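Q: I need the structure of the sequence given here:
(one chain, ligands or ions: 2)
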Amino acid sequence: MQQERSGLFLWLTYRRLQRLAITAAMSRCPRDTSPRILVLRRSLLRTIALTQFRSSISRSCLNPSHRRRSAPSWLLPASTGASSSHSVDAYASETRELAYRLLELMAKAVGAEPPAVLLGVFQGQPQGMRVNYYPPCRQAADRVLGLSPHTDAGGLTLLLQMDNAAVDGLQIKKDGKWFSVNVVDGAFVVNVGDALEIMSNGKFTSVEHRAVIHPAKERISAAMFFYPCPHMMVGPLPEFVKGDKERYGSTSYEDFMKHYFATKLDGRKHLERLKLEQ
Ligand SMILES: O=C(O)CCC(=O)C(=O)O
Ligand SMILES: [Fe+2]
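A: Ligands and ions are numbered 1, 2, ... in the order given. Model (predicted):
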């Protein structure tokens, strides 16, 4: 019964979120012809030889407790500012509820007690949204990627692949091979980030992923990232170790993020650094 209720909750939430995300992403995606965006795309075209063919807009979607560090207004295109800000805020707050529910269910699934332990680490903490726009590119596959192989840094990522053009682009690496993650109508891709892999002592895995581009079709994705408390030590939580060995070292969140950015989207390199010899 409990499981059925959870399933229904997730399904209904997904439907509402999908509508919100499409409004939010469409009003902010780089097809928008505002001059700022055009500059971004031209510079991107000049650097195509660098392999990543993508423009993206990021915005921190802070919880009310972080409002004082709110996103600067220049992040929003002037013409769509008010309404897009509203839909991004609504999307952020609804995905937050979904992520919190998922964190509880995940902890419960692996027997961590109390199951709210993960929630405690993420509740009320920073959250960020990135809308990625991948233009079509005839040199797809062999020479140009949309987004380099990487893992996400934080806790959970809720990724929405816009399915209106049904273009697959997301790929994950398993046993050294890349596999496409098909766009499924009615589904979020839920990614575990590096911090969550470490905190769960490896019970959840941060998957290496990348985005490829299509030779003829554009693609849009919207990622919502949930980060842990920035003042904590990132290390295995005792509730997830229980009788097992600690499989990762601990480090301050600041140091953890510094190394994440220093590895510049290079597969699982950042994570491997903290793995302890077993
Ligand atoms: O576009 C995608 O499917 C992947 C996006 C992604 O991995 C990211 O923004 O971190
Ligand atoms: Fe990612």
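Q: C-alpha from now on. contacts and neighbour counts both.
A: Fine.
Q: which SS class is Arg101?
A: Secondary structure, DSSP: H, G, I helix; E, B strand; the rest coil: Arg101 is helix.
Q: number of nearby residues for it?
A: Using other CA atoms under 10 Å, Arg101 is surrounded by 16 other residues.
Q: what residues are up against it?
A: For Arg101, the contact set (CA atoms under 8 Å, 6 or more residues apart in numbering) is empty.
Q: quick check: closest non-adjacent residue to the residue of the chain found nearest ligand 1.
A: Closest approach between the chain and ligand 1, counting by CA to the nearest ligand atom: Leu170, at 4.2 Å. Nearest non-adjacent residue to Leu170, counting by CA to CA, 6 or more residues apart in numbering: Ala211, 4.6 Å away.
Q: I figured that neighbour hits Lys173, correct?
A: No - counting by CA atoms under 8 Å, Ala211 does not reach Lys173; the two are 11.3 Å apart.
Q: and for these two, which residues touch both?
A: Residues touching both Ala211 and Lys173 by CA under 8 Å, 6+ apart: none at all.
Q: can you name the residues bridging to Met224?
A: Beta-bridge partners recorded for Met224 (DSSP bridges): Met129, Leu158.
Q: got the contact list for it?
A: For Met224, the contacting residues are 92, 95, 127-130, 157-159, by CA under 8 Å, 6+ apart.
Q: what about the helix or strand harbouring the residue nearest to Leu170, near ligand 1?
A: Using DSSP states H and E, Ala211 falls within strand 209-212. Yes - Strand 209-212 reaches ligand 1 (CA under 6 Å from any ligand atom) through Ala211.
Q: one more: stretch 118-127?
A: No - figure legend: stretch 118-127 not in contact with ligand 1 (CA under 6 Å from any ligand atom); closest approach 13.2 Å.
Q: tell me the buried residues in that stretch?
A: Within stretch 118-127, the residues that qualify as buried are 118-119, 121-127, counting by 16 or more other CA atoms under 10 Å.
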